[in-house]
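Undergrad: Kindly return the folded structure for what I paste below:
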Amino acid sequence: MTKVVFETSTLADVLKKASLVAPSRGEAFDKAAGVLITVARDIDQIMVQATNLEIFYTEWISPVSVTLPDGVDEVKWRLPSRSTAAIVGSFPIGSGKEVWLEQPAGTNTLKIGSGRARGSFQLIDTKYYPVWDIFDPDDLTDVEDFGARLAQVEWACSDEVETSFNGVNLTGDYAQATDRYRAARVPLKVDADTAWPFAESVTVPSRILSQIMKQSGQAAIGCTPTQLLVLPNEHVQIRANLFGQEYMSLAKITGQEYTHTVPVNKAGLLEVLNRVQLMAGSDRLPSMRMFIGKGEIAAMMEDVEEGHLGDILETPGYCDHERVQIVFTPKFLIEALDKCPSAKLTFSYDASNPMKIIKIDDGAGYEAWVMTRRPNAPSQGE
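TA: Numbering: from 1, shown residues only. Just a heads-up that it's a prediction; the model follows:
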């Protein structure tokens with residue numbers, strides 16, 4: 001019999017992160033489904049791993065106790081990721097709360113229990129599970145707020161998987177993302193004296209990466225010819241494949257100049273936009289009309305069957321021109337504002353050209369651009 005006992009909170013936390021990485025469908029699911037737990041004799045920590053074949057996640061956690069049969073030096077358990085994480089996460093968490101995993105000798109079943117709860121899993125074959133190396137932390141470079149910076153721009157990535165726009169581009173000075181209709185960038189400085197290959201920018205799959213790192217502050221990062229290496233802390237290592245496609249230059253977007261800029265309170269503008277977008281109804285690609293001028297920013301949405309809703313944010317001393325109409329996809333604009341880390345920001349536009357892409361800037365490095373839509377346009381980008 002092999003048995004491992006964990007503090008419930010410890011195991012729940014690592015399984016939650018590993019399940020974000022583990023695939024749930026497609027080719028990656030066929031090759032790398034589940035979470036791999038490795039228990040080894042004479043090693044104080046248990047290794048938990050997951051991969052979707054783009055991101056390779058490894059974390060070491062300390063158990064309460066380990067029991068291995070005589071003559072067995074290592075045991076590997078491959079478990080269904082989503083259900084295991086959900087079940088362990090449902091157990092009571094707190095001081096003294098424990099969960100145990102036990103494999104009876106000669107079986108392919110892993111029993112699980114906490115308090116009076118009992119269950120079991122059929123183990124998945126570990127024979128063909130991908131294997132990756134542990135890298136040397138001494139070869140990496142410290143970068144402040146790496147995970148947070150990725151999260152601030154990844155909202156602008158494309159949802160199309162087979163494109164470099166699906167990732168965040170790292171230039172050595174900035175982390176940036178675009179899907180050609182919206183864009184965002186933040187400062188992300190990496191020491192130019194390291195082996196980091198920033199002579200050419202690199203692009204990484206960021207959505208999952210930012211989620212599993214969102215609570216991290218400083219991280220150590222590095223690069224191989226094909227992978228980004230990330231060390232959020234001494235217990236976690238992450239490998240992320242680099243995209244092969246060349247990334248689009250954002251110079252035409254970031255070089256825009258504007259005739260009008262208005263300072264606004266982020267919370268106040270978001271309150272107006274979130275309230276008005278409630279009128280979107282079931283429209284798959286709703287449009288929001290914004291009227292700027294005469295000391296006000298007004299937003300309005302309408303549904304031909306249900307009605308309309310509008311709201312106004314006053315901007316005394318600004319927007320003193322005649323009202324102009326700018327049309328947006330509300331989701332894009334709201335995400336751009338929501339990811340802004342500062343409470344105050346500037347909203348830049350061109351009153352003589354309301355079709356021009358608009359800019360959001362917090363004055364501390366966060367910049368975002370959102371493409372406008374033609375009035376009454378049926379979809380973004382047409």
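Undergrad: count of residues packed around Asp173?
TA: 14 (other CB atoms under 10 Å). Where you see a C-beta, it was placed from the backbone N, CA and C, and this is true even at glycine.
Undergrad: surely it meets Asp191?
TA: No - Asp173 is beyond contact range of Asp191, at 11.6 Å (criterion: CB atoms under 8 Å).
Undergrad: How about residues contacting the longest helix along the chain?
TA: Criterion DSSP state H: the longest helix present in the chain is helix 8-21. Here helix 8-21 makes contact (CB atoms under 8 Å, 6 or more residues apart in numbering) with 35, 48-52, 55, 57, 59, 61-62, 81-82, 84-85, 88-89, 91-94, 97-99, 114, 208, 211-212.
Undergrad: Now do the helices in the stretch 101-250 of the chain.
TA: Ranges of helices within the stretch 101-250 of the chain are 146-153, 207-213, based on DSSP state H, counting those that start in this stretch.
Undergrad: Please name whichever of those helices is nearest to Met288.
TA: Nearest of the helices of the stretch 101-250 of the chain to Met288, taken as CB to CB: helix 146-153 at 22.3 Å.
Undergrad: in that closest one, what's buried?
TA: By 16 or more other CB atoms under 10 Å, the buried positions in helix 146-153 come out as 146-153.
Undergrad: I'd like those laid out as TSV, including distance to Val204.
TA: Shown next, in TSV, are the buried residues of helix 146-153 (distance: CB to CB, whole Å):
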residue	distance to Val204
Phe146	11
Gly147	12
Ala148	15
Arg149	12
Leu150	8
Ala151	13
Gln152	15
Val153	12
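Undergrad: how about a markdown table for those, with pLDDT added?
TA: A markdown table is the format used below for these (pLDDT from 0 to 100):
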| residue | pLDDT |
| --- | --- |
| Phe146 | 88 |
| Gly147 | 86 |
| Ala148 | 87 |
| Arg149 | 90 |
| Leu150 | 90 |
| Ala151 | 89 |
| Gln152 | 92 |
| Val153 | 94 |
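Undergrad: Can you name every helix or strand that the worst-scoring helix or strand of the chain on mean pLDDT contacts?
TA: Lowest mean confidence among the helices and strands of the chain (mean pLDDT, DSSP states H and E): helix 207-213, at a mean of 80. Applying 3 or more CB pairs under 8 Å, 6 or more residues apart in numbering; DSSP states H and E, we find helix 207-213 packed against helix 8-21, strand 55-61, helix 146-153, strand 227-233, strand 236-241.
Undergrad: The same query, at a cut-off of 7 Å, please.
TA: Under the contact criterion of 3 or more CB pairs under 7 Å, 6 or more residues apart in numbering; DSSP states H and E, helix 207-213 touches helix 8-21, strand 55-61, helix 146-153.
Undergrad: Check which helices and strands the last one sits against.
TA: Based on contacts counted as 3+ CB pairs under 7 Å, 6+ apart, the elements that helix 146-153 packs against are strand 174-178, strand 182-187, helix 207-213, strand 219-223.
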